Each structure stands twice: as structure tokens, then as C-alpha cells.
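[1] Structure of the sequence below:
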Amino acid sequence: MEMKKFMSHFSSEVDFNAFDIYEIVEIMQTSLKLSCTYKDLIDKILITIKKSQFKLSDFSCLKFSVVLHNNINLDCEFDIELPSLINKAQVLCICPYHPDHKKHKFKEFYTREETPQMFYIEVGNYLRTHNKPKYWICNILNGNATNEKIVYTTDNLIPQKFGFVLLQDIKWDGISDKFRFIAIVKDRNLKSLRDLRKSHLPLLENLKNCFNIISSMLHMPKFKIIAYFRYPPKFLHLHLLIDSYAHHFQGHSYYLSEVIQNINLKSDYYANKTFTLHLRKSDSNLKSYNQRPNK
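    The predicted structure is shown next:
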């Protein structure tokens, strides 16, 4: 009801000065979240302002004015005025906004070290009480998925324990160059990097085929594609993430080629590794990870 009342104030243009900023919820490099009030509305409004992605073609007709010139290194610093066509931002309004909602809270990060002993005690206890696989993963592996954009699945000639299903990330629009694919392994006993041994090398070698599949699908050279595991994983079923190299964020990423090399050197390399974890304070995917940070 409040959202309808909020929208009734607007036609084609919105005067930002009509909002009273109550709190800055989050400031990031390309986005800003503000908690606001508006006129006679009782509930607060969350406004998210996000810069649109630049394209190379946007800069074909720009003019630069020199601000600083370094004669030694021949470096220049410029001021530039962006035309309104490309100086745009996306704005999302959420009404009513509840500040205690975890989705919109500022994401406070911390680090902690996870030894093998900590993993087997903490995560082991979690797995013993939360061993039911996610419903959507079961649907994909059983061939019952309807909404997921499945790109490839290994055939029956490959043993189940060495197979995988490759699907397009639901957040990718299929057009932009900021793509992501997910390869979900068919072996349901593999939960994370810590479970991998030399006996799983055929599976890891098969996962290399993702480069060929995506390269052919997107008409993109393989050196612009990157494949990696994350630790801790977002969900407890081993999966490989495949991104555009240009848009890849390196945090807690373990690259497929390096994982293969390390396991070749030592079968239980990741089982006995002490991981440095980068966690959000509000992480809830694994309760065992949501401990107090190291002091």
C-alpha cells in the first residue's frame, strides 16, 4: 500500500531534493544505498543508486582537458565531462524499507583461519545435522530442472562420479560480457575443495571441457575465460564457477588448473590446508563459519 502511495507522487521525473536522507546504508565503488523519508509517507524508503556499466563505444566522441602533465614519465591526468547519454545510473526504490533486513544491511567483512581440525569439527557437525541436499541441485542432477538454463551435461559414457552439468547463471542476461556459468558435479559426496583427492583428477580434467564449450558458445578465446572454485563455497555441493577474465574478482578463488597441480603433487593437499576465509558477518550459508573473527 505504501509503495502505491509512493509511486502516485511521480509522473515521468522525480525531484531528488524531495527526499530527506535519514542514513547512508552503504557506499561502494559503483553504488550507493540511502535510507530516506519522503513527504507524508510513514515508512522509510531504501534508494539504491548504481552506475551503469561503461562500453568502449561510449568514449568515441569524448573531449579531454589536461589537468596535470608529468614531463618525466609522460603521464597525463585529465578532467572529463561525461555526456548525459552515458553518465547514467540505475535507481531502485524499495518501500517500505526495514533497516533490520539482512539483505540491505552494510556487509561487514572479516577474516579468520580455518585449520583442518576446525573444519572437521565445525563443518562436520553442520553436515551431520544439515545433510539434506538442496532441492534445486537435485532437480538439475536428476534432469527435472525446468527454469535453469542448462548448457551441457556429460553423457552416460562418462561415469557418474566424473560427470557434471554446466548451466548459465540466472543473474546473467545472456547478452553482456559480464557472464557467469556454473558447473555442478554429479558426485553428491563432494561438498567442497576439502573432499578432492587424486582419485578425482579425471573429474577435474573433464571440467576443463567447460573452456571449450563456453568459448564455442560465446565466440570468445579461451584465455579470456577463467574457471575456479570458491572456499568457503556458497552452498555445500562441489561446483566450479566460470567467469569472464575481465570481470573476475579474485577473493577466495582457487583456479582449476592450480587445483589439479596441487592435488597431483599431494592427494590430500586441500584436506590438510589451512584456509584464510574472507567472510561477511551476516553469512548464514554455513552456520559453522559464522564464528567470531580471529583476534
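
[2] need the contact list for Y254.
    L193, Y228, F229, R230, Y231 (CB atoms under 8 Å, 6 or more residues apart in numbering). C-beta coordinates here come from the backbone N, C-alpha and C atoms, glycine included.

[3] for the helix or strand where it lies, what is the average pLDDT?
    Using DSSP states H and E, Y254 sits in strand 253-255. Strand 253-255 shows a mean pLDDT of 93 in the predicted model.

[4] Please name the strands paired to it in the sheet, noting orientation.
    Paired strands of strand 253-255, with direction, are strand 225-230 (antiparallel) (DSSP bridges).

[5] List the buried residues for the strand it pairs with?
    I225, I226, A227, Y228, F229 (16 or more other CB atoms under 10 Å).

[6] Count the residues that sit near F162.
    19 (other CB atoms under 10 Å).

[7] one step back: nearest to S35 among the contacts of Y254?
    R230 (31.0 Å; CB to CB).

[8] lowest confidence element among the helices and strands of this protein?
    Sorted by mean pLDDT, DSSP states H and E, the helices and strands of the chain end with strand 64-70, the least confident at a mean of 53.

[9] Helix or strand for P202, just tell me which one.
    Secondary structure (DSSP H and E) places P202 in helix 201-207.

[10] In the stretch 101-250 of the chain, what residue spans correspond to strands?
    109-114, 149-153, 164-168, 180-185, 225-230, 239-244 (DSSP state E, counting those that start in this stretch).

[11] Redo the ones you listed as a markdown table? Include distance to D268 and mean pLDDT.
    Formatted as a markdown table, the strands of the stretch 101-250 of the chain follow (distance: least, CB to CB, whole Å; pLDDT from 0 to 100):
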| stretch | distance to D268 | mean pLDDT |
| --- | --- | --- |
| strand 109-114 | 16 | 80 |
| strand 149-153 | 29 | 90 |
| strand 164-168 | 22 | 94 |
| strand 180-185 | 19 | 94 |
| strand 225-230 | 16 | 94 |
| strand 239-244 | 20 | 93 |
